[in-house]
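1. Got a predicted structure here, sequence first:
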Amino acid sequence: MVRIYIDQKPYDVKPGKNLLETCLTLGLDLPYFCWHPAMGSVGACRQCAVKLFKDENDKTGRLAMACMEGVRDNMYLSVNDTAAHDFRSQNIEWLMSNHPHDCAVCDEGGSCHLQDMTVMTGHAYRRFRYPKRTYQNQYLGPFLHHEMNRCIQCYRCVRFYKDYAGGKDLDVFAAHNHVYFGREKDGVLENEFSGNLAEVCPTGVFTDKTLREHYTRKWDMTMAPSICQHCSLGCNIIAGERYGALRQITNRFNGEVNGYFICDRGRYGYEFVNDPDRVRQPFVRAENEGNNLFESLNAIFTEGPMIGIGSPRASLEANFALRRLVGEANFYQGIPEDEARLLDKVLAIRKNGNVYSPSLKETEYADVVLVLGEDPTNSAPRLALALRQAVRTKPLEDMAPSNIPLWHDAAVRELIQDDKGALFMAYPVHTKLDELASGTLHAAPEDIARFGFAIAHYIDGNEALPESMEPQALESARRMADLLQKAKRPLIVSGTSLLNEAIIQAAYRIGRALEKDDRKAGLCLVIPECNSAGLAMMQAPSLRQAMKAAETGGFTTAIILENDLYRRGERSGVDRFLNAFKNIMVLDHIQNDTTSKATILLPAATFAEGEGTLVNNELRAQRFFQVFMPKNEHIRESWRWLDEFRQFREGTMPDELRELDNLLEELVASMPQFKGVEAAAPLSDFRINGQRIPREPHRFSGRTAMLANVAVSEPKPPEDTDSPLSFTMEGYRGMPPAPLTPFYWSPGWNSGQSVHKYQSEAGGALRGGDPGVRLSAEALHFANGLSTHIPPAFERQENEMTLVPLPHIFGSDELSVHSPSVESRSPRPYIALNGLDAARLQVAEGDVLQMQIGGQVYDLPVIRKDEIPQGLAGLPYNLPALSGIAWPAKGVLTKAML
Amino acid sequence: MIAQDTLTTEEMAEIDHEIALVPVRRAAAIEALKIVQQHRGWISDDSLQAIADYLEISPEELDSVATFYNLVFRRPVGRNIILLCDSISCYVMGYEKIYVQLRERLGIGFGQTTADGRFTLLPNACLGTCDHAPALMINNELFRNVTEHDLEEILDRYH
Amino acid sequence: MTWKKYWTDTTDDMERPLTEHISFDRPCYNLRDYEMNGGYQALRKALTLSPENITNIVQASDLKGRGGAGFNTGMKWSFVPMNGDYPVKYLIANADEMEPGTFKDRMLMEGNPHQLIEGMIISAFAIQANISYIFLRWAYKKAGRLLKHAMDEAYAAGYLGKNILGTGYNLEMYLHTGVGRYICGEETALLNALEGKRATPRAKPPFPQVSGLFGKPTIVNNVETLCNIPHIINNGPEWFKSLGKGNDAGTKIYGVSGRVKKPGLWELPMGVSMRELIEDCAGGMANGYGFRGALPGGASTDFLVKEHLDISLDFKSVAVAGSRLGTGTMIILDDHTCPVGFVHNLEHFFAQESCGWCTPCREGLPWTEKILLSIERGEGKPEDLNLLETHTRFLGPGNTFCALAPGAMEPLQSALKYFREDFERHIDQKKCPWR
């Protein structure tokens, strides 16, 4: 700690920080624009001026920008000094001289950092009496709206988009007071993190275009802390609603997970909640005997054994409620056998515990990274952003002798220039991260695994070396082994995307070998869906086992939880499975092929309409909270439907008040592996001073009028029996516990920038610790140990193509693709071939290849990717038009083509 | 994106020479813009794309640089470019009179090109010949102590 | 019209090392001419000294940067790490002369390109840099041609390239011409321009001596500064100090432009008086024109007025008088020129040349420009003068990212001080009294 004096008051503060973040940590309101806690200081906006004194006797002092001054022991400064205050006020006046003052029609109004800072500095009267500068706006694609006239030129957008996220198609143009931030010409912003610009921009230049379609002011939204549903990383989000529609997703800070940023799939995928194809009514198929729901249900629950199919995109609570309803023995994971086996492998590695599992944040600190068989940009996008930061770790450490502080972003970037730490990408096709990579391997999954085993061998000679590898590959593996061994914090990223067990094994062997070598190796494993880990931890058999059981078990009823089985395997197989049942009960959000087979279809609440817990890829259990009560009372959480069925069958009355809490307690009681999960967030009876946490800001407007078209009397607000949050603006106004924070607000800080008030220090962990509980895999049991089997090298097949699944950030995720904006960014079906294969098949780029995959024929336009090994073809994974493929898959040319 | 336009062999050779002198390819951006402008008079969107492709950077990255500098022309210019110094010594020595005369004679103001494409007139910061103000530059030629009287003759040299 | 008169006019026996071999009556010296007149002797001598020794000599000579900042050159060099940890270092000649009213480096480069090249080689050797650049202003076509030719000659003669004069020292030299931006003259912005980027200045610290071009240790020196180096090496620091008249060492290329009889450049002892410069060298004010004031060292320096005519033009004396020596090239404000229009022209220039990085400069300068224009057009309001003063205060050093805006405020703040009644007359009469 060092001692500094601010306005004559002594403070003991952390060294190594700049004065701005220090002041913010101390709770002093110092305005700023260009500084960002994740991006550091560049000294451009000149807003955070303070007075610095040489010593305690210096009464004159000099103005200095707080963001550009490191704290030093015995530093004397003043925030309240008149000259500093006047300068800050003048600076705002400069910024506002060309600003259109269009707050009333600006989407940012009410959550605008520029508004807040303007009020904070006291600038109120406009002396600039000349015409304002104006700009043309650009079309930037489906995610962001552009309004350049509002720009205050803080450069945060380009710093985030280019420097932080590696985007290429947004930049700053021209000079002096004509500088312009945008693209070279109109067009879709291509970077996967573009949506963060809406939050990074301190005013309304970049705003959420999907919000604009159904605009609501921040203060008029009902909001809840939530967890992203669209990949396995579990980024924390805030979801906001008004008039029964989900309006917006913004980032919710979690220092261990997503920090300040989320990907565009996470931000824009929410609109499936508002999909016109939502299941809205319970539906009982006419030919079914009972023709009302109650009778049908009664029949089902008295009619003999039921099979329950769980879901990796449903909450722990929902899966557990199903398991309880159908019985442990009749509960299945609802995922393909191969996927279940891979997830077992991932959990077994975690159980062994001898390779460190880093948090998403920790991956940013890796100094050497090996990515084995994943394309994080598409399979776990936020991880790709973290790895972009990781390649800077080594150069940042190397520059330590220069004494340039890490927060000094401008100087740091000039000094390290293009220096990068080692990143090796092994994947069948080019990935976006290849541009940062010091080495790449484009190979078949088997050969990626073999490459991994070879690396393990070169680290630990006891590990077997794959036979008959090319000398070049061996040399490359040896070099990688050397880099990993020299690293201080080596990281191996792998996962399930290529559906290849050996890759995960190889990644683990490398981690093991490094651990033996006493390196603090991290192993980050990407898995398929938002609750894949939670479901897998229940250790239920796979869908294939369910199919087998259905053939032999004499089940009359299947209950399918939030799962479109037609995305899990071949159509014919799923048909056969479903046809085996008299009753098919499906609970889901949106109509799909499985719901169309339902004899009883129940509308299931989405993440926005109910509570639940998800377990992410690092086994972090995180709770999401209901954002709003659906107007349609038939839409209920799956766990509520299922738990009430159980009680209905058992003849007990549900304890509505603690229904969710009870379920969690039962979950832990019956499956010790979930010990601690209840602590992911406070339970429903949590209160502060006897008060709930309001989901609505205290400025929420229109409550008495918003339903006046329906009834003039103001209805009683819905009551929340499942959480400590209220659906009103009343309740505890202070700082809620981190997992229960529904929105960021602090007096004078209306925008998301107020998050620093919720942190223990500016940019640091949330007060009370970042939310989420890491579960332990220790209590799990595995029949098979971790294998060290090295697969044979890939061999090209004469009459067929071996297919590799290529996930796409926009398109491969089942729910987000229902958002029109995300759907518009999704690729059309294609098949990616090596040019030599294309020549052999006599097709050129763009030609349509008719290919039989399993029992089905697909028309696939050809894309040439010459890096793919011959005999291998890439197929976009689980696009809506390409579902129903049983992986691993082969493709055979149809007779028509031949 | 693939550029509609491609660089000529000559342009590429000149750019390659500049690339060889710098540690990273994109550091030759300004030189490359100069080279192509030398050959083509200005940098069209297509030329920009072609240069960007060649330097392995995005058109945004290149245009960000191109639009920063005064003398990279991102719009078509005339065959001859008149750069009239409007800085302080020339101001004191009466450049405004020269400007009025140019405007009258050519029918264009600053930033404009004559209809016949013969001249583009641009204001320019100090030409560094302040002891001979007012000064102007046409293409690569410097004219000093310019008087209203000289102007006619100077312009006649350019077609 | 020739350049000749500027230094042949003053016929005395003072030493003029920088311009001794410059004459525009003949082609500039080629390598052979230069060598025959003592050229590259300093380099030969320097290569026998240790780099630290050269730095010490230069530091002892009290040579101060001639680009305007006036920092001790040797001391600047001494911050370059010499411990061998940095295999790549750069030396750059800042030849991006673009300060309005400044035209001295052009003369040095067109008059004797080898002098600059020799100075650069010695300087590069002193910091053990192996790559050097001349960052030349685009408009200096002739200087560019001559420098290129001289560089080729130097390469051919073994003064540049590998194993220079058999000493094992290597130095490459490249000529880079800018594409027009005043801010490129700011040394860190210049580095960004050389890296092919937008020429926005960088934060200091870290200084270029530690993290400069491509993140490597780099020295950027003005052309005139570098041209002095061979003479200091040849004649020693004491000799150099003895050349100056007042507080500063050496000679200086002074210049005068505006309504004087003979505008031009002169190499004179550091510390001549303003009166000597204007009256003796420039021949006094042109007929019919009276002296009202002058910017002593380019557009970004404060006005000096009649009461200052006898101050000595060295860094310290000019600072005491409330201005800066800057580049030493003086722009005269005469009594036929409207001071408001004069300052408006300057602020227009600075507003245009702001890089757009920091708020006060990007937004403040255009505002002052607009106020000045409205005053000049007779649309000014009394409160405008306070607003201008506010700007001069808030756009001061330290408040902006680099020195551009503070420089821009220097002529404005002093104009408000010395010519306030002229501003007021515009506002009272609702027109420009000069029009």
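-> It's in.

2. For the chain, which helix or strand comes out least confident on mean pLDDT?
-> Went with chain A since none was named. helix A:293-302 (a mean of 79; mean pLDDT, DSSP states H and E).

3. Not quite, go with chain C.
-> Going by mean pLDDT, DSSP H and E, chain C bottoms out at helix C:5-8, a mean of 43.

4. secondary structure class for the residue most central in space within chain C?
-> Most central in chain C under CA atoms, centre = their mean is C:Gly67, positioned 2.9 Å from the mean C-alpha point. Three-state assignment for C:Gly67 (DSSP: H, G, I helix; E, B strand; the rest coil): coil.

5. Now do the contacts for it.
-> Counting by CB atoms under 8 Å, 6 or more residues apart in numbering or on different chains, C:Gly67 touches C:Asn94, C:Gly185, C:Asn221, C:Asn222, C:Glu224, C:Thr225, C:Thr327. Heads up, the C-betas are built off the backbone N, CA and C, glycines and all.

6. any idea which of those is the one closest to chain A?
-> C:Gly185 (14.6 Å; CB to the nearest CB).

7. partners of C:Glu172 in the sheet?
-> C:Ile131 (DSSP bridges).

8. Could you report the separation of it from C:Tyr159?
-> Applying CB to CB, to the nearest Å, the value for C:Glu172 to C:Tyr159 is 12 Å.

9. Point out where the chain drops to low pLDDT.
-> Unless you meant another one, I'm taking chain A. Applying pLDDT under 70 to chain A flags residues A:286-291, A:895-898.

10. wait, chain B
-> Looking at chain B by pLDDT under 70, you get B:1-4.

11. tell me the centre residue of it?
-> Centre-nearest of chain B using CA atoms, centre = their mean is B:Leu71, 4.3 Å out.

12. What are the neighbouring residues in contact with it?
-> Applying CB under 8 Å, 6+ apart, the residues near B:Leu71 are C:Trp138, C:Val179, C:Gly180.

13. with the residues you listed in mind, which one is nearest to chain A?
-> Using CB to the nearest CB, the contacts of B:Leu71 come closest to chain A at C:Gly180, 10.6 Å.

14. Any figure for the gap between that closest one and B:Trp42?
-> 15 Å.

15. Repeat that for C:Lys241.
-> Counting by CB to CB, the gap from C:Lys241 to B:Trp42 is 52 Å.

16. Where do the domain boundaries of chain A fall?
-> Domain assignment of chain A by automatic domain parsing yields the ranges A:2-96, A:283-335+A:534-674, A:340-527, A:801-893.

17. Please name whichever of those domains is nearest to chain B.
-> Nearest of those (CB to the nearest CB): domain A:340-527, 5.9 Å.

18. And B:Thr113, its phi and psi?
-> Here is the backbone geometry of B:Thr113 (degrees, to the nearest 10): phi -120, psi 140.

19. ok, it - how many residues close by?
-> By the measure other CB atoms under 10 Å in any protein chain shown, the count of residues near B:Thr113 is 20.

20. Okay, and the beta partners of it?
-> Taking DSSP bridges as the rule, B:Thr113 bridges to B:Thr120.

21. shouldn't it be in contact with B:Val77?
-> Yes. Contact criterion CB atoms under 8 Å: B:Thr113 and B:Val77 qualify, at 6.2 Å.

22. Quickly list what's touching both of those two.
-> Contacts common to B:Thr113 and B:Val77, judged by CB under 8 Å, 6+ apart, are B:Thr120.

23. Name the nearest residue to C:Tyr418, sequence neighbours excluded.
-> Sequence neighbours aside, C:Val305 is the residue nearest to C:Tyr418 in space, at 5.1 Å (criterion: CB to CB, 6 or more residues apart in numbering or on different chains).

24. That neighbour and C:Ile311, how far apart?
-> 11 Å.

25. The residue nearest to C:Tyr418 and C:Gly290: what is the separation?
-> If you go by CB to CB, the gap between C:Val305 and C:Gly290 works out to 12 Å.

26. out of those two, which sits in the busier spot?
-> It is C:Val305, of C:Val305 and C:Gly290, that has more neighbours when counted by other CB under 10 Å, with 17 against 11.

27. Contact partners for that one?
-> So C:Val305 contacts C:Arg292, C:Gly293, C:Ala294, C:Tyr418 (CB under 8 Å, 6+ apart).

28. State the phi and psi torsions of the second one.
-> Dihedral angles phi and psi of C:Gly293 (degrees, to the nearest 10) take the values phi 180, psi 180.

29. tally of neighbours for it?
-> Neighbour tally, C:Gly293, other CB under 10 Å: 23.

30. One more: the third one?
-> Each residue near C:Ala294 was counted by other CB under 10 Å, and the total is 27.

31. got the residue ranges for the strands in the stretch 51-200 of chain A?
-> Assigned strands in the stretch 51-200 of chain A, in chain order: A:62-65, A:75-78, A:144-146, A:171-173, A:180-182 (criterion: DSSP state E, counting those that start in this stretch).

32. out of those strands, nearest to A:Arg313?
-> Distance to A:Arg313, taken as CB to CB, is lowest for strand A:144-146 among the strands of the stretch 51-200 of chain A, at 27.1 Å.

33. coming back round to it: looks to me like the residue nearest to the centre of chain B is in a strand.
-> No. The assignment for B:Leu71, made by three-state DSSP, is coil rather than a strand.

34. pLDDT score assigned to the residue nearest to the centre of chain C?
-> If you check C:Gly67, the pLDDT there is 89.

35. on that earlier part again, inside helices: which ones of the contacts of C:Val305?
-> Cross-referencing these against helices under DSSP state H gives C:Tyr418.

36. Among the contacts of C:Val305, which one sits closest to A:Tyr427?
-> Distances from A:Tyr427 to the contacts of C:Val305, taken by CB to CB, are shortest for C:Ala294, at 68.2 Å.

37. Wait, A:Asp813 touches A:Gly269, no?
-> Yes. Shown here, A:Asp813 and A:Gly269 form a contact pair, counting by CB under 8 Å, at 6.7 Å.

38. who touches A:Asp12 in this structure?
-> By CB under 8 Å, 6+ apart, the contact list for A:Asp12 reads A:Met1, A:Val2, A:Arg3.

39. can you pick the most crowded of the residues you listed?
-> That'd be A:Val2 among the contacts of A:Asp12, by other CB under 10 Å, with 17 neighbours.

40. Pop out the phi and psi values for the spatially closest residue to that residue that is not a sequence neighbour.
-> Excluding its sequence neighbours, the residue lying closest to A:Val2 (CB to CB, 6+ apart) is A:Asp73, at 4.1 Å. Main-chain torsions, A:Asp73, degrees, to the nearest 10: phi -60, psi 140.

41. What of A:Leu433?
-> Residue torsions, per degrees, to the nearest 10, at A:Leu433 are phi -70, psi -10.

42. Now it. Nearest residue, chain neighbours left out?
-> A:Met425 (5.5 Å).

43. Please report how far the one you found lies from A:Met480.
-> A:Met425 is 11 Å from A:Met480, by CB to CB.

44. returning to that earlier point: would you mind writing the CA trace of the least confident helix or strand of chain A as CSV?
-> Coordinates of the C-alpha atoms in helix A:293-302 are reproduced here as CSV (Å, rounded to 0.1, in the frame of the first residue of the first chain):
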residue,chain,number,x,y,z
LEU,A,293,-55.0,-31.6,-20.4
PHE,A,294,-56.0,-32.8,-17.0
GLU,A,295,-57.5,-36.1,-18.3
SER,A,296,-54.5,-36.7,-20.5
LEU,A,297,-52.1,-36.1,-17.7
ASN,A,298,-54.0,-38.3,-15.4
ALA,A,299,-53.9,-41.1,-17.9
ILE,A,300,-50.2,-40.7,-18.4
PHE,A,301,-49.2,-40.7,-14.8
THR,A,302,-51.3,-43.8,-14.0
